[in-house]
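Q: below are the sequence and a predicted model; questions follow.
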Number of protein chains: 2
Amino acid sequence: MIANCYVESFILNRMTLKQLSILREIARQRLVMSSAAAVLYTSQPGISRQIHLLEEELGVVLLRRRRNRVLGFTDVGKSVLGSAQRLLFEAENIKLMAQDAREEQVGKLSVVTTHLHARYTLAQPIAEFAQRHPGIQLHLLQTDAGSIAKLVESGEADIAVSTERERGSSSLLVLPGPPLRRSLIVPRAHPLAHARRVTLKDIARYPLVGYNPASRSGELMADALRAHGIDAQFVLSASDADVIKTYVLQGLGIAIVPSIALEAETAKGLRVIDVTHLFPKSVIAVSLRPGVYVRAFVREFIEMVVPGVKVPVLE
Amino acid sequence: MIANCYVESFILNRMTLKQLSILREIARQRLVMSSAAAVLYTSQPGISRQIHLLEEELGVVLLRRRRNRVLGFTDVGKSVLGSAQRLLFEAENIKLMAQDAREEQVGKLSVVTTHLHARYTLAQPIAEFAQRHPGIQLHLLQTDAGSIAKLVESGEADIAVSTERERGSSSLLVLPGPPLRRSLIVPRAHPLAHARRVTLKDIARYPLVGYNPASRSGELMADALRAHGIDAQFVLSASDADVIKTYVLQGLGIAIVPSIALEAETAKGLRVIDVTHLFPKSVIAVSLRPGVYVRAFVREFIEMVVPGVKVPVLE
DNA sequence: CTTGCTTACGAGACTCGTAATAATT
DNA sequence: AATTATTACGAGTCTCGTAAGCAAG
């Protein structure tokens, strides 16, 4: 076999991880170099210079500028940015591997999720985790269902906890967990309070307190009604189960909420009827970027949320 | 949405691309630091120091040493090496993107392949390519079928050209091309010389000049005979079609070789009978690492070998 | 006694922050 | 006037190669 005849020396002599970090940060800061400088605890001139050095080294222009403004990335710039992001993810992996190997009980775990899971699904796991790993900084980023994936893809959050119906929608690795049950809640005095089985049609006969359509539950509700050609009357739409419960208690209407959001509600004037079967199956899922190194404590956290899951190992 | 509260500054302040290149090169040079130093055009002490700096930065031991010998990688070392390789691939991608954007007609293309394709499949494409792109250095690495994938996976070769039966065997992206036909070659005076259709059983009645079992063709032949429970008599086994043809001409036996290795053999005393149908379908295929940036001229080369293929684009 | 990793040291290069400059909103 | 990118410059740091050390086969 003939090999090693022309092994090229170094990949690129001058390009540095710092330059690529800066490039990524400029993208994250929406093309404002001074913000990037602030976030990276360095000076604006330093940022500017490093980008120029990188451009000089590569022999291409990465940023479209006009005088004192950055307008955007060039086509090459976009490609380079993509590679830079993947490259920096691997650099991050190396750091995590080392920390893990040192069995350091320090680190951080950013979890991006929605109100529902922040308030109910994660309450107990997070309390337990925080107690077991006092050295780990837990960041809980709360946002709407549609924005969750982006934050994990960009690396701004480590894992996502969300309600998922089908898989394969994004580039993320989705670890499906326990099914998410749904319940109809009605005031005790409501005509449906003692119904055995209710149908979508039954429900649609009464004024509804709806879930915000940007949430998974709202989306699901809207889809189901549309699929059956049922016209429902929404008196109010809200973004989370707590708010919805409040209004149902006040008699404004009835509502369908995830069952995990209902603790001992029956005592508090609400009647709870399981209606999981009326909707497509949903599960609680943890999502993460494929290829990411999962530190031991992250794996532990994931297993608390999604018991018995097989977290794929890197290498 | 709550974000950007805790954006961490730089990934790792001190780790450099050079250190990771060195780590990879030590692995490639089978744990000999001085070889790595030589290949990277630098000094041994420099190499040694950079590894120590990296270990210090990460806080872990990457290499198992004894006095003046490197014994191997530690477990963390292996993990870090893996990430380093992926990281450096992305660094390489950035370099390639930049070169492509500058429309530079310089660069290199390492193709790893077997004798068969080096001699026949690639002869014309390479000649044409070299003429069209005088600035591109073409490296042809020739090895056995089993070692091809490794060289592409490790990045020592850019693409592989090989005979493939099924897909999914390796981590590589396989672009299947034209089918590989096979022919029985016999001396003109041989009893089979004027047979209409021959079977494996017919063939096995005569002494055979075999292909080396390390090659795809040899493997295929052995498999087919075993599958039909046929016992054949091999008088000789050789590594390439040229050698085999020579011995068939000398009357030592008959043989099955890829049809592309036969040009105007009928005139030269050989009788050629197509027997493609006796074996599982094989194709000529180009393989490359998934995620690699494919420069314009590389794509052009691939399309010359595997016409009409869709080369997946990065980004 | 050669091979091969490690340590020591000094010259040279490079990075980075401050300050000044210029252009835009 | 405030914001933002770029240029200039000097102090401090770091890198790298040569030379010496030392253990092993």
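A: Cool, the structure landed. Numbers count the residues shown, from 1 in each chain, chains lettered A, B, ... in the order given.
Q: for A:Leu81, see how far away A:Glu156 is.
A: From A:Glu156 over to A:Leu81 the distance is 15 Å, taken as Cβ to Cβ, to the nearest Å. Yep, even glycine has a C-beta here, placed from its N, CA and C like the rest.
Q: do A:Ala189 as well
A: Taking Cβ to Cβ, one finds A:Ala189 at 59 Å from A:Leu81.
Q: what of A:Pro207?
A: Relative to A:Leu81, and taking Cβ to Cβ, A:Pro207 is found at 50 Å.
Q: A:Ala189 and A:Leu81: which has the busier surroundings?
A: A:Leu81 (20 against 9; other Cβ atoms under 10 Å in any protein chain shown).
Q: what mean pLDDT would you report for stretch A:65-82?
A: Computed over stretch A:65-82, the mean pLDDT rounds to 89.
Q: check stretch A:234-243 too.
A: 87.
Q: wait, does that stretch make contact with chain B?
A: No: applying Cβ under 8 Å from any Cβ of the partner chain, one finds stretch A:234-243 out of contact with chain B, separated by at least 12.4 Å.
Q: buried residues, that stretch. List them.
A: Buried residues in stretch A:234-243, counted by 16 or more other Cβ atoms under 10 Å in any protein chain shown: A:Phe234, A:Ser237, A:Ala238, A:Ser239, A:Asp240, A:Ala241, A:Val243.
Q: CA atoms of it as CSV?
A: In CSV, the C-alpha atoms belonging to stretch A:234-243 read as follows (Å, rounded to 0.1, in the frame of the first residue of the first chain):
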residue,chain,number,x,y,z
PHE,A,234,-63.6,29.5,22.3
VAL,A,235,-64.3,32.1,24.9
LEU,A,236,-60.7,32.7,25.7
SER,A,237,-57.3,31.3,24.8
ALA,A,238,-54.4,31.2,27.2
SER,A,239,-50.8,30.1,27.2
ASP,A,240,-50.7,27.7,30.1
ALA,A,241,-52.6,25.2,32.1
ASP,A,242,-52.6,27.2,35.3
VAL,A,243,-54.3,30.2,33.7
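Q: not counting its neighbours along the chain, what's nearest A:Gly46?
A: Excluding the flanking residues, the one nearest A:Gly46 by Cβ to Cβ, 6 or more residues apart in numbering or on different chains is A:Ala37, at 6.8 Å.
Q: re earlier: in helices, which of the buried residues of stretch A:234-243 appear?
A: Members of these lying in helices (criterion: DSSP state H): A:Ala241, A:Val243.
Q: which of the buried residues of stretch A:234-243 sits closest to chain B?
A: Of all these, chain B sits closest to A:Ser239, with 12.4 Å by Cβ to the nearest Cβ.
Q: which residues sit in contact with the residue lying closest to the closest one once chain neighbours are set aside?
A: For A:Ser239, ignoring the flanking residues on the chain, the nearest one in space by Cβ to Cβ, 6+ apart is A:Asn212 at 4.4 Å. Contacts for A:Asn212 (Cβ atoms under 8 Å, 6 or more residues apart in numbering or on different chains) come out as A:Asp144, A:Gly218, A:Ser237, A:Ala238, A:Ser239.
Q: wait, isn't the last one in contact with A:Ser215?
A: Yes: proximity of A:Ser239 to A:Ser215 meets the contact threshold set by Cβ atoms under 8 Å, at 6.7 Å.
Q: list residues touching both of the two?
A: By Cβ under 8 Å, 6+ apart, no residue touches both A:Ser239 and A:Ser215.
Q: which helix in chain A has the most residues?
A: helix A:75-101.
Q: for it, buried residues please.
A: A:76-77, A:79-101.
Q: same question for stretch A:284-298.
A: A:Ile284, A:Ala285, A:Val286, A:Ser287, A:Leu288, A:Arg289, A:Val292, A:Tyr293, A:Val294, A:Arg295, A:Phe297, A:Val298.
Q: residue ranges with poor pLDDT in chain A?
A: A:1-12, A:166-168, A:265-267, A:315 (pLDDT under 70).
Q: give me the domain ranges for it.
A: A:2-100, A:104-179+A:282-305, A:182-278 (automatic domain parsing).
Q: which parts of stretch A:299-310 are buried?
A: Applying 16+ other Cβ under 10 Å to stretch A:299-310 flags A:Glu300, A:Phe301, A:Ile302, A:Glu303, A:Met304, A:Val305, A:Val306 as buried.
Q: picking that back up, looking at the contacts of A:Asn212, which one is closest to DNA strand D?
A: A:Asp144 (27.6 Å; Cβ to the nearest atom of the strand).
Q: OK, contacts around that closest one?
A: Contacts for A:Asp144 (Cβ under 8 Å, 6+ apart) come out as A:Thr114, A:Asn212, A:Ala214, A:Ser215, B:Met1.
Q: and the gap between A:Gln44 and A:Asn68?
A: In terms of Cβ to Cβ, A:Gln44 sits 11 Å off from A:Asn68.
Q: these two: who's more crowded?
A: Remark: of A:Gln44 and A:Asn68, A:Gln44 carries more neighbours, 14 against 6, as counted by other Cβ under 10 Å.
Q: is it true that that one touches A:Ala37?
A: Yes: using Cβ under 8 Å, A:Gln44 is in contact with A:Ala37, at 4.5 Å.
Q: which residue, other than its chain neighbours, is closest to A:Pro125?
A: A:Pro125 sits nearest to A:Met304 (Cβ to Cβ, 6+ apart), 4.1 Å away.
Q: need the contact partners of the host helix or strand of the one you found.
A: Assigned by DSSP states H and E, A:Met304 falls within helix A:296-305. For helix A:296-305, the external contacting residues (Cβ under 8 Å, 6+ apart) are A:100, A:105, A:107, A:109, A:111, A:121-122, A:125, A:128-129, A:132-133, A:136, A:158-159, A:161, A:175, A:177, A:284, A:286, A:294, A:309, A:311.
Q: which residues in chain A form helices?
A: A:17-28, A:33-39, A:44-58, A:75-101, A:115-116, A:123-132, A:148-153, A:200-204, A:216-227, A:241-249, A:296-305.
Q: quick one: which of those is nearest DNA strand C?
A: Here helix A:44-58 is closest among the helices of chain A (Cβ to the nearest atom of the strand), at 3.8 Å.
Q: anything in that closest one near DNA strand C?
A: Yes: applying Cβ under 7 Å from any atom of the strand, one finds helix A:44-58 touching DNA strand C at A:Pro45, A:Gly46, A:Arg49, A:Gln50, A:Leu53.
Q: isn't the fourth one up against A:Leu20?
A: It stands for A:Gln50. No: assessed by Cβ under 8 Å, A:Gln50 is found out of contact with A:Leu20, at 9.5 Å.
Q: related to what we said a few turns ago, and the longest helix of chain A, anywhere near DNA strand D?
A: No: legend: contact between helix A:75-101 and DNA strand D by Cβ under 7 Å from any atom of the strand is lacking; minimum distance shown is 13.1 Å.
Q: and the closest residue to A:Thr114 other than its chain neighbours, what does it touch?
A: Of all residues not flanking A:Thr114 in the chain, A:Ala145 sits nearest, at 5.7 Å (Cβ to Cβ, 6+ apart). Neighbour list for A:Ala145: A:Thr114, A:Ser162, A:Thr163, A:Ala214, A:Ser215, A:Arg216, A:Glu219 [criterion: Cβ under 8 Å, 6+ apart].
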